[in-house]
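*Asks:* Got a predicted structure plus its sequence, pasted below:
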Amino acid sequence: MPRAAALSRTLVRRLRTGDEIAYLATLTFANVILLIAALLVFELWTTSALSRQRFGWGFLTGSTWDPIAGNFGALPFIYGTVVTSAVALLIGVPLGVSAAIFLAELAPPRVSDGLTFVIELLAAVPSVIYGLLGVFLLVPLMRDPVQPFLRQTLGFLPWFQGPNFGVGYLAAGVVLAVMIVPLMTSISREALLAVPRDQREAALAVGATRWEATWKVVVPYARLGIFGSVFLALARAIGETMAVTMVIGNNPNISASLFAPGYSIAAVIANEFTEATEAIHIATLIQLGLVLFALTIIINALARLLILMTTRKGTAQQ
Amino acid sequence: MESMVRRFAAASVLVVLGCACSRSPQPIETKGGAPSGVILINGAGATFPYPIYAKWFDEFYKANPNLRINYQSIGSGGGIRQLQAGTVDFGATDSPMTEEQMKQARSPVLHFPTVLGAVVPVYNLPGVTDLNFTGEALANIFLGRIKKWNAPELAGANPGVKLPARDVIVVHRSDGSGTTFVWTDYLSKASPNWKNKVGAGNAVNWPVGLGAKGNEGVTGMVKQTPDSIGYVELVYAIQNHIPYGKVRNSTGTFVKASPASVTAAAEGAAANIPDDFRVSITNAPGEGAYPISSFTWLLVPEKIEDEAKRNAITAFLRWMLADGQKMAEPLGYAPLPQQVASKELELVSKIQ
């Protein structure tokens, strides 16, 4: 008893100094985040048990999705998720980053402020709105003239062949690109603005032009922030559901052509979960969620690795 | 001190864990929020009949202010799962429960057909507004065997119509759906090939085509894509002014879908309807019967412990089978034929 009393007395005394309270509070919140992630994996793992037992690792390589025969494979969905995200990044990164450079470094302040406001507004638009934009504006444009033009000019590449429906991987990738550009621009711009003034002034002082100072000094300095924006954009692209399902064509096929209809993991879960009545069907959809979780982690890890490798060759890095 | 903090952290983690993991089933709030004496019934399930159900529950509440029915249109699959788990008082579905699903329910489940719906083939063929389809032709289009609009199977059923030599673009539902069940159930009956290769279900492995979400998604995609064909609930085709074809029924007549021809299908099938009403009426006999018709069902447990709830549910079922049927047609649903409704009344008295 006296020991406990002594303990509680010391605890109270320590708590009186604010540091301890702040430490405990933030520690708890940090733990909660870990806990949520752990619970998520635990839940996905246990509720997909039926599917994991029946299909094993073959689930990842199977390419049939037949709810009636009870035959399920995840490959077309993994492929669709990766391809649409890759197309989105390929289009979105150059656009988003150059827009951020323009806004942060080159544009007159008044223009920059106005445009930034609009871009931040766009970053907050719900994805279903982008999906509607895709259905009513982008898909007809894709059907004619964009995809016929691509077929004529780049048709020798396997990506731009085959029948043209308007919907498909390319349409989904473009919608995703449109969605992630505001996000990337907004975050990259903040990173560029956070570069200390001395860096620019020093570059200019040694005779660099404005563009040289921007491209060779400011952008490399802000590189980590810019990469961070790309990660966030990638995460949004991988997990995007509504906008993708509205324009991807929802057909679980693997095709080299970007014109072909495809499917993504998030889209098939959203589409089939509500009406899935067989236990095995539900379990496979949950396992797809697990696959999506793993895919996100793997792609993020690869991207980080890529950064580590390129940062070695960095210029003005800390 | 260090260990103290750690212990604290561990304890806080445990507390959070405990909260998150506890799965003690919460009793359903039956009278929460409602004035005392009001009986609240919870139901969930099919989205297709939601407009008529919403109307019914509203009208029934106006006539019986002490009985309030709350319905969530979460989809047939969700409705069946919630009923099995006992979290709702009744479910609703567009395709009858399978034997396996019946076994998983806590108490035996009764199926009550409420109204009828039809699924129609919609198409976008510039310049063509009236087409006939045979069941085999529809199956072959959706199997990817008929690739061109001027294929002999289509031309044969449409004498005098100038069909283009362009590719057919197939559009189907991407989400699991009772509409898909009715459609594929019909194709399975019309074509042995379809039955062997694809089969019938809420979601199937489509051999060809583009998937669109919801009736509105398919309608939109067909409207937008020249030379396409899809399938939607009759209501959506009418509301969107999109042409839909006649389909040849089991007597060889090409019939256009309408509330009358759909009710006729139920009449034609009435003689063969089993006592538990778990029956598909696609390809029903009868000269005027539209072949791609289906019931939609309410799922009610055979044993309801709570007497007040039992009385409320049976009262609603009786009202729905009489007065309620008159509200079906203005909303685009086909009413039940008289003989089916009176047969259901006998089943209502079985609820204990």
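*Replies:* It's in. Numbering: from 1, shown residues only, chains lettered A, B, ... in the order given.

*Asks:* for the helix or strand containing A:P182, packing partners?
*Replies:* For A:P182, the host element (DSSP states H and E) is helix A:169-193. Under the contact definition 3 or more CB pairs under 8 Å, 6 or more residues apart in numbering or on different chains; DSSP states H and E, helix A:169-193 sits against helix A:75-101, helix A:109-123, helix A:127-133, helix A:223-239, helix A:242-247. (C-beta placed from N, C-alpha, C; glycine too.)

*Asks:* Just send these back as a markdown table, with mean neighbour count, distance to chain B and mean pLDDT too.
*Replies:* Formatted as a markdown table, the helices and strands packed on helix A:169-193 follow (neighbours: other CB atoms under 10 Å in any protein chain shown; distance: least, CB to the nearest CB, whole Å; pLDDT from 0 to 100):
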| stretch | mean neighbour count | distance to chain B | mean pLDDT |
| --- | --- | --- | --- |
| helix A:75-101 | 22 | 11 | 94 |
| helix A:109-123 | 13 | 24 | 90 |
| helix A:127-133 | 17 | 9 | 90 |
| helix A:223-239 | 20 | 17 | 90 |
| helix A:242-247 | 28 | 6 | 91 |
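
*Asks:* Any chance of JSON lines for the ones you listed, columns distance to B:K103?
*Replies:* JSON lines is the format used below for those (distance: least, CB to CB, whole Å):
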{"stretch": "helix A:75-101", "distance to B:K103": "31"}
{"stretch": "helix A:109-123", "distance to B:K103": "50"}
{"stretch": "helix A:127-133", "distance to B:K103": "39"}
{"stretch": "helix A:223-239", "distance to B:K103": "37"}
{"stretch": "helix A:242-247", "distance to B:K103": "34"}
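
*Asks:* do you know which of those helices lies nearest B:L298?
*Replies:* helix A:242-247 (30.1 Å; CB to CB).

*Asks:* Distance from the chain centre to the lengthiest strand in chain B, please.
*Replies:* Criterion DSSP state E: the longest strand present in chain B is strand B:109-124. Centroid displacement of strand B:109-124 relative to its chain, using CA atoms, centre = their mean, to the nearest Å, is 6 Å.

*Asks:* so for it, what's the average pLDDT?
*Replies:* Mean per-residue pLDDT for strand B:109-124: 95.

*Asks:* Get me the contact residues on the stretch 201-318 of chain A for chain B.
*Replies:* A:245-246, A:249-251, A:261, A:263, A:267, A:270-277, A:281 (CB under 8 Å from any CB of the partner chain).

*Asks:* confidence score at the residue lying closest to A:R52 once chain neighbours are set aside?
*Replies:* Excluding its sequence neighbours, the residue lying closest to A:R52 (CB to CB, 6 or more residues apart in numbering or on different chains) is A:Q287, at 6.2 Å. Note for A:Q287: predicted pLDDT of 95.

*Asks:* Show me the chain divided up by domain.
*Replies:* Since no chain was named, I'll use chain A. According to automatic domain parsing, chain A comprises the domains A:2-47, A:57-317.

*Asks:* Oops, wrong one, chain B.
*Replies:* Using automatic domain parsing, chain B is parsed into the domains B:15-114+B:300-348, B:118-270.

*Asks:* and the ones you listed, which is most packed in?
*Replies:* Mean neighbour count (mean count of other CB atoms under 10 Å in any protein chain shown) peaks for domain B:118-270 among the domains of chain B, with a mean of 21.

*Asks:* Endpoint to endpoint, that domain covers what distance?
*Replies:* 17 Å (CA to CA, to the nearest Å).

*Asks:* quick revisit: helix or strand right after the helix holding A:P182?
*Replies:* helix A:197-205.

*Asks:* mind listing what's buried in that next one?
*Replies:* A:Q199, A:R200, A:A203 (16 or more other CB atoms under 10 Å in any protein chain shown).

*Asks:* show me what contacts A:V41?
*Replies:* Contacts for A:V41 (CB atoms under 8 Å, 6 or more residues apart in numbering or on different chains) come out as A:L290, A:F293.

*Asks:* those helices in the stretch 201-350 of chain B, which residues are they?
*Replies:* Here the stretch 201-350 of chain B has its helices, by DSSP state H, counting those that start in this stretch, at B:214-224, B:234-239, B:259-270, B:307-322, B:338-348.

*Asks:* What are the buried residues along the strand or helix carrying A:L306?
*Replies:* Per DSSP H and E, A:L306 falls inside helix A:279-311. Buried residues in helix A:279-311, counted by 16+ other CB under 10 Å: A:280-293, A:295-296, A:299.

*Asks:* low-confidence ranges in the stretch 251-352 of chain B?
*Replies:* For the stretch 251-352 of chain B, no stretch has pLDDT under 70.

*Asks:* How about it: which residue is closest to chain A?
*Replies:* B:L299 (12.1 Å; CB to the nearest CB).

*Asks:* Please list all residues in contact with that residue.
*Replies:* Taking CB under 8 Å, 6+ apart as the criterion, B:L299 is in contact with B:45, B:79-80, B:83, B:90-93, B:97, B:109-112.

*Asks:* pretty sure A:P67 contacts B:N202?
*Replies:* Yes. Using CB atoms under 8 Å, A:P67 is in contact with B:N202, at 7.5 Å.

*Asks:* Could you name the stretch from the helices and strands packed on helix A:169-193 that's closest to B:W56?
*Replies:* Here helix A:127-133 is closest among these (CB to CB), at 29.9 Å.

*Asks:* Could you find the closest non-adjacent residue to A:A99?
*Replies:* Nearest residue to A:A99, sequence neighbours excluded (CB to CB, 6+ apart): A:T185, at 4.4 Å.

*Asks:* what's the answer for B:D276, then?
*Replies:* B:H111 (5.9 Å).

*Asks:* In contact with that neighbour, which residues?
*Replies:* Contact partners of B:H111, counting by CB under 8 Å, 6+ apart, are B:P96, B:M97, B:D276, B:F277, B:R278, B:W297, B:L298, B:L299.

*Asks:* where does B:I69 land in three-state SS?
*Replies:* Under DSSP: H, G, I helix; E, B strand; the rest coil, the three-state class of B:I69 is strand.

*Asks:* Show me the beta-bridge partners of it.
*Replies:* B:I41 (DSSP bridges).
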